[in-house]
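Student: Here's a sequence, model it:
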Amino acid sequence: MPHTLVAPVEFVQDIKKSRFIGQAAPISGEEDAKAFLASVSDPAANHNCWAWRLGQAYRFSDDGEPAGTAGKPILQAIDGQDLDGVVVVVTRFFGGILLGSGGLVRAYGGTAAQMLRQADKREIIPMVSGICAVSFSDLALVKSRLTAIPHLVLDERFTAEGVDLTVTLRQGDEDQAIRLLRDLTSGRSNLVFPD
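Tutor: Take a look at the predicted model:
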């Protein structure tokens with residue numbers, strides 16, 4: 001299972017007189033990534049290199065460093081730790097000593113990797129939502145039994161005949177919830193998940 005960060009994190013290291021400041025945060029969309037980049041990028045620094053991953057979408061930037069020496073190693077640090085929904089910025093203040101291509105790859109990727117290893121993480125649990133109509137007479141029993149399923153969230157919308165329940169649960173638990181609802185209501189209610 002992929003993981004994401006619990007909270008923003010920062011890590012600083014000096015490599016051959018250059019200061020590398022790594023900063024990372026959890027994100028839920030591209031706009032979050034752009035906002036984080038704008039908030040932590042230091043215009044006084046020589047380079048603000050970054051990468052982010054959100055599912056199959058990703059972006060990275062070398063911000064003026066030689067191509068492939070900064071953004072891609074940062075993204076590899078994210079992927080190497082099976083992280084998702086994460087943005088990382090590594091800011092460099094040049095110290096006067098050239099690191100060469102290999103040194104830059106190690107410095108940017110290493111700063112990102114060390115920072116991410118030290119960060120608090122949480123597992124990403126894929127969730128799915130389904131809908132069912134439940135009569136008032138079945139509602140109390142259905143709610144009490146469905147909430148026994150781990151990670152399940154119920155949302156109710158009352159109607160004239162009963163309640164429309166939106167059931168959000170961990171992906172893979174759909175069959176259990178469908179059978180439970182059908183058994184509890186003697187087939188009067190069916191839980192439907194979009195394809």
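
Student: Going by C-alpha atoms from here, please, whenever you check contacts or count neighbours.
Tutor: Fine.

Student: Show residues contacting the biggest helix by length in the chain.
Tutor: Longest helix in the chain, counting residues (DSSP state H): helix 100-118. Around helix 100-118, the neighbours that count as contacts under CA atoms under 8 Å, 6 or more residues apart in numbering are 9-13, 15, 20-24, 66, 68-71, 73-78, 81, 88, 90.

Student: right, and the helix or strand after it?
Tutor: Once the chain leaves helix 100-118, the next helix or strand it forms, by DSSP states H and E, is strand 121-123.

Student: what element comes up after that following strand heading to the C-terminus?
Tutor: On the C-terminal side of strand 121-123, the nearest following helix or strand under DSSP H and E is strand 127-135.

Student: Now do that next one, average pLDDT.
Tutor: Here strand 127-135 scores 92 as its mean pLDDT.

Student: what angle do the helix or strand that it is followed by and strand 127-135 make?
Tutor: Next helix or strand after strand 127-135 toward the C-terminus (DSSP H and E): helix 136-146. Helix 136-146 runs at 150 degrees relative to strand 127-135, counting by axes from the mean of the first three to the mean of the last three CA atoms, to 10 degrees.

Student: low-confidence ranges in the chain?
Tutor: Nowhere does the chain drop to pLDDT under 70.

Student: Okay, domains of it per the record?
Tutor: Split into domains by automatic domain parsing, the chain comes to 3-123, 127-184.

Student: JSON lines for the ones you listed, including distance to residue 191?
Tutor: Below are the domains of the chain laid out as JSON lines (distance: least, CA to CA, whole Å):
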{"stretch": "domain 3-123", "distance to residue 191": "27"}
{"stretch": "domain 127-184", "distance to residue 191": "5"}
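
Student: out of those, nearest to residue 192?
Tutor: Among the domains of the chain, domain 127-184 comes nearest to residue 192, with 5.2 Å by CA to CA.

Student: Residue 21 against residue 40, yeah?
Tutor: No: with contact defined as CA atoms under 8 Å, residue 21 does not reach residue 40; the gap is 10.1 Å.
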